[in-house]
Structures are given as C-alpha cells and as structure tokens.
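Engineer: Generate coordinates for the sequence data below:
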Amino acid sequence: MLFKKSITQLVSEAHESGEHTLKRTLSSTGLVALGVGAIIGAGLFSLTGMAAADNAGPAVMLSFIIAAVGCAFAGLCYAEFASMIPVAGSAYTYSYATMGELVAWIIGWDLVLEYALASATVAVSWSQYFGELLKIFGMSIPDEFLHGPWEGGYVNIPAIIIVCLLSLLLIRGTKESSTVNNLLVILKVSVVLIFIGLGWSFINPANHTPFIPVNEGEELLKSGKIGWGDFFKDGYFGNFWYFRSFQSSRSFILCFCWL
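Structural biologist: Just a heads-up that it's a prediction; the model follows:
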C-alpha cells in the first residue's frame, strides 16, 4: 500500500508505445479552447447574477479576484509538480510518486467523484436553460421530467440526454470532442462579448453603493445572509467554481508541451 513509483519509472512508462498508450492528438488551439470552455460554463452563466443580486452585491468583482488568486496559487503548485513529473495522471500520478499507491488510489477515485458530480451539476444547469428556451418558442417540458426527485420531480430527462450525447462524443474520439468544444467556445465567448457590449451603456455607478452589503447585526453576519458573510460564502466560494477547470486543462496542456 505504501509502494511508490519513482519519477524515472513514470517517465519511462510514458515513453512507451503501443495500443495501451494514450494518443496525443490535441493542438495548442484545442488546449486553450479546452481551458476557456471549462471556465466559461455553467458557473459563470448560472451563479454570477445570483451572487451579485442576492449575496455579495457589487463586491462580487472582488470575489472574482480573490477566487482567481486562490486558483492561481493552486495552479502554480500543479505547474511545479508537472515540471518534476512530466507525465499524464495529474494528482493521481503525483500522489503515486510521493505518498504511495494507497493515497494515489484514494486521490484517483476522488477525482472520478469530482468530475462525476461536476458533470451532473452542469447537466442540471443546462437542463434549466433548455427548459426556459423551449418556453420562448411556446413549448414546455412537464416539471416532473425537468427536475429530479429531490426537487419534486421524477427524473431530469434533458440532463440525462445531454450527458449521454456528450459521452458518445467523447467515445467517438478526442479530435471530434475538441472540434465541437472549439465551436462551443466561439459561441460562448461571442455571447459574453455581446452581453458586455449591449449592457455597457446601462452601467450606473449609483448602483454600486453600498459596494459591500451593510452588516446589520452580528447574528445575521454569522448566518452568512449579509455583509462579509455572503461576500465569502456565496461570493468567493461561488466564484471559485468558475476557475476550477485549471486542473483538467493543465493536465492536457502538460501532455502537449511534453512533446
């Protein structure tokens, strides 16, 4: 359980060729689009408005900055590990080389759980947007089939369908997945830029006061409903979700740069 693989052994295994090895097929453009596409996603479109309107107020911009700094430090840690152990596997490989196979086994399954829960979260968010889009065209999906059992429904059919379709795309191949991701990134970045351009003229500095919601009582502050409580609870931690993709994009970029 405490067996470790040396860095030399890990690197030599990565140099092996054959059907059991991974094919490196992503270009630099695809790698950049992978990171951008993961960051500009459900967290940005779903949580920004709620964090600003209901929690952090105008100080949500500080939440973004603090979350970005925190992720930058974590990203630097990954960069240092990547320079020492330039092989695929991310935290699993680093744990295998430093703390042994038991810790690596735990980390590996934690990563599987992390990506599974993240995918479910994004799928549910997409389902909500899809339901609202159908309403614009005069169509609708019964609430029982648009929400899961914990939300008063039976099953979230749109979420299941999108997960299945994307799973089939991933099975199809990395190149195909990268091409679709590039197109989606262009679409999402265009939407963000159009939103900024159209909303620029509606900026009113008077709405930025108070910059941070006022603390109206110690108990309310502790509850996280106002003031710095919400600034950190739903501002910082909510915005941290937006930047979480640096781990996955770093792993792909490492494989590209290593070539």
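Engineer: Which positions in the helix or strand hosting residue 158 come out as buried?
Structural biologist: For residue 158, the enclosing helix or strand under DSSP states H and E is helix 157-172. Across helix 157-172, burial judged by 16 or more other Cβ atoms under 10 Å covers 157, 158, 159, 162, 163, 166. Where you see a C-beta, it was placed from the backbone N, CA and C, and this is true even at glycine.
Engineer: Kindly report the same for stretch 5-13.
Structural biologist: For stretch 5-13, burial by neighbour count (16+ other Cβ under 10 Å) applies to 5, 10.
Engineer: do the same with stretch 127-142
Structural biologist: Buried residues in stretch 127-142, counted by 16+ other Cβ under 10 Å: 127, 128, 131, 141.
Engineer: cool, and stretch 169-186?
Structural biologist: 177, 178, 181, 182, 185.
Engineer: Inside helices: which ones of those?
Structural biologist: Using DSSP state H, 177, 178, 181, 182, 185 are the members of the buried residues of stretch 169-186 that sit in helices.
Engineer: can you tell me the distance between the two ends of stretch 147-161?
Structural biologist: Terminal residues of stretch 147-161 are spaced 13 Å apart (Cα to Cα, to the nearest Å).
Engineer: what about it, distance to the chain center?
Structural biologist: From the chain centre to the centre of stretch 147-161 is a distance of 22 Å (Cα atoms, centre = their mean, to the nearest Å).
Engineer: Do me a favour and average the pLDDT over it.
Structural biologist: For stretch 147-161, the mean pLDDT works out to 87.
Engineer: Residues in contact with that stretch: which ones?
Structural biologist: 120, 123, 124, 126, 127, 130, 131, 141, 143, 144, 145, 146 (Cβ atoms under 8 Å, 6 or more residues apart in numbering).
Engineer: picking up where we left off before, return the closest of the buried residues of helix 157-172 with respect to residue 79.
Structural biologist: Ranked by distance to residue 79 (Cβ to Cβ), those are led by residue 166 at 28.6 Å.
Engineer: any idea how far the closest one is from residue 76?
Structural biologist: Using Cβ to Cβ, to the nearest Å, residue 166 is found at 31 Å from residue 76.
Engineer: What of residue 172?
Structural biologist: 35 Å.
Engineer: No more questions from me, cheers.
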